[in-house]
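Engineer: Sequence and predicted structure below; questions after.
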Amino acid sequence: MSTDAPDPLLTSLLAAVDAAPDDVPLRLHVAELLLARGRGAEALQHCSRALTAAPGDPPARGLLRRGTAALAAPQSPQSRPPAVPPAAPAAGGTERPPARPDFDWRQAEEDVADVPQLEPAFVEEAGDPVVEDVLHAAPTVRLADVGGMEQVKQRLELSFLGPMRNPEMAKAFGKGLAGGLLLYGPPGCGKTFLARAVAGELGAGFSEVGISDVLDMWMGRSERNLAEIFRVARRKAPHVLFLDEIDALGQKRSHLTHSAGLRNVVNQLLTEMDSLSGKNDGVFVLGATNHPWDIDSALRRPGRFDRMLLVLPPDEPAREAILRHNLHKRPIEGIDLGKLVKATDGYSGADLAHLCDTAAERALADSVRTGRVRPLTTKDVLTAAREVQPSTGPWFATARNVALFGNSDGSYDELAAYLKKNRKL
């Protein structure tokens, strides 16, 4: 195709690139068109700009390789220039490739000089996914740092921490040094903080694994990411793997009939958690979810998440500790914590933090208006409590139906007892 003929489409696209220079997909589309029209040097310039904006972008790298190969490839017989004598051998006997007078190599090197140095594509594709960034040392927080929630702490101690702290005794009773515990309850009630405290009590490393650390757009990568996370945790045992929002990674496979990728992730998670071979000794798996009823039943099998612990909204001692923590660094005056605790029954920990922020905003607005700092008072917090309602209501509405109609195996007896005691059932 002649490069001298006017091309309205390409002219419009080049103008669009000038208007949006950081639009990488648009720039790569223009580079494709330029390469197809025989304007390889210009295509390389756009590849360079794209890789500067998005280092490692696979389409940009692939296009860069194609463009470079096209420029370096011999031309067809119809367009090949007259033959020229071969270049003399370089010092040391290495023969240089034949010179191409129609291609300016110096200009090509300048075009790609600002492209970041990257590993070859096959090295990245063959390597293991990087998971070290989700693995951390043992947390310093302990259960004593969790305000209130004494019943939850006792359940943790009896069913999970006690056997882990006494491995010889546990083995005498046939209990392996592995375990799976599922924390469930309304959002914002401290499940992640409890998981960190468990790791701190065990003196174990801690990994908080979210869905973004596992799922990948490429086929098979999600399963490999999950397998690698478990492999590294085993190597660093004792280690606590905390799988946040486990219902997203371990959904019921009956709900995934049209999503083979997620079904494979669930299958991989089941394989990694299978403790029959003892390969998970020293790896303690904790899961957290707001919707345990959406988790695949195979994950609840003995040897996997065979224990469940209900984490409810903070009780009075816990609410006092949370309110004290969120108020103590702010200017306060005459705060009656007892009155605030009574007024915030049913609030989650996140709700209480938001309540304190809302009250602080009111005091800050008054301070800005008067030009002097006005401390927070009990009235500010109580006024904010009329605006900030507990966010746990919708969760309990769903949980009530589960406790009434989905508790045939007794899994939710603890939840049903709480709802009955608080007259929500």
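Structural biologist: Sure thing, it's come through.

Engineer: I'd like the distance from residue 215 to residue 236, if you could.
Structural biologist: Going from residue 215 to residue 236 by CB to CB, to the nearest Å gives 23 Å. Where C-beta positions appear, they are placed from N, C-alpha and C, glycine not excepted.

Engineer: same question, residue 33
Structural biologist: Distance, residue 33 to residue 236, using CB to CB: 50 Å.

Engineer: Likewise for residue 299?
Structural biologist: Taking CB to CB, one finds residue 299 at 23 Å from residue 236.

Engineer: So what's the residue count around the residue nearest to residue 387 when sequence neighbours are not counted?
Structural biologist: Counting by CB to CB, 6 or more residues apart in numbering, the nearest residue to residue 387 once its immediate chain neighbours are dropped is residue 358, at 6.2 Å. Neighbour count for residue 358, taken as other CB atoms under 10 Å: 16.

Engineer: wait, isn't residue 358 in contact with residue 389?
Structural biologist: No. Taking CB atoms under 8 Å as the definition, residue 358 is not a contact partner of residue 389, at 11.3 Å.

Engineer: quick revisit: neighbour-wise, which of residue 299 and residue 236 wins?
Structural biologist: It is residue 299, of residue 299 and residue 236, that has more neighbours when counted by other CB under 10 Å, with 23 against 16.

Engineer: pretty sure the more buried one is touching residue 269, no?
Structural biologist: Yes. Counting by CB under 8 Å, residue 299 does reach residue 269; the two are 7.1 Å apart.

Engineer: what is in contact with those two at once?
Structural biologist: Shared contacts of residue 299 and residue 269, defined by CB atoms under 8 Å, 6 or more residues apart in numbering, comprise residue 250.

Engineer: I'd assumed residue 391 was in a strand, is it?
Structural biologist: No. Residue state for residue 391 (DSSP: H, G, I helix; E, B strand; the rest coil) corresponds to coil; a strand is not indicated.

Engineer: My guess is it contacts residue 351. True?
Structural biologist: Yes. With contact defined as CB under 8 Å, residue 391 and residue 351 form a contacting pair (5.5 Å).

Engineer: which one of those two has more residues nearby?
Structural biologist: Under the neighbour definition other CB under 10 Å, residue 391 and residue 351 were set side by side, and residue 351 has more, 25 against 17.

Engineer: Got phi/psi on that one?
Structural biologist: With angles defined as degrees, to the nearest 10, residue 351 sits at phi -60, psi -40.

Engineer: So it versus residue 390, what's the distance?
Structural biologist: Residue 351 is 6 Å from residue 390, by CB to CB.

Engineer: quick one on the thing from earlier: who touches the residue nearest to residue 387 in this structure?
Structural biologist: The neighbourhood of residue 358, defined by CB under 8 Å, 6+ apart, consists of 384, 387-388.

Engineer: With residue 401 instead?
Structural biologist: Contact analysis of residue 401 by CB under 8 Å, 6+ apart lists nothing.

Engineer: so how far is the helix or strand hosting it from its chain's centroid?
Structural biologist: Following DSSP states H and E, one finds residue 401 within helix 393-405. Here the centre of helix 393-405 is set off from its chain's centre by 28 Å, with CA atoms, centre = their mean, to the nearest Å.

Engineer: quick one: whatever helix or strand comes next after that helix to helix 393-405, angle?
Structural biologist: Downstream of helix 393-405, the first helix or strand assigned by DSSP H and E is helix 413-421. Computed by axes from the mean of the first three to the mean of the last three CA atoms, to 10 degrees, the angle separating helix 413-421 from helix 393-405 equals 110 degrees.

Engineer: where do the strands sit along the stretch 101-250 of the chain?
Structural biologist: Using DSSP state E, counting those that start in this stretch, the strands of the stretch 101-250 of the chain run over 135-136, 179-184, 205-209, 239-243.
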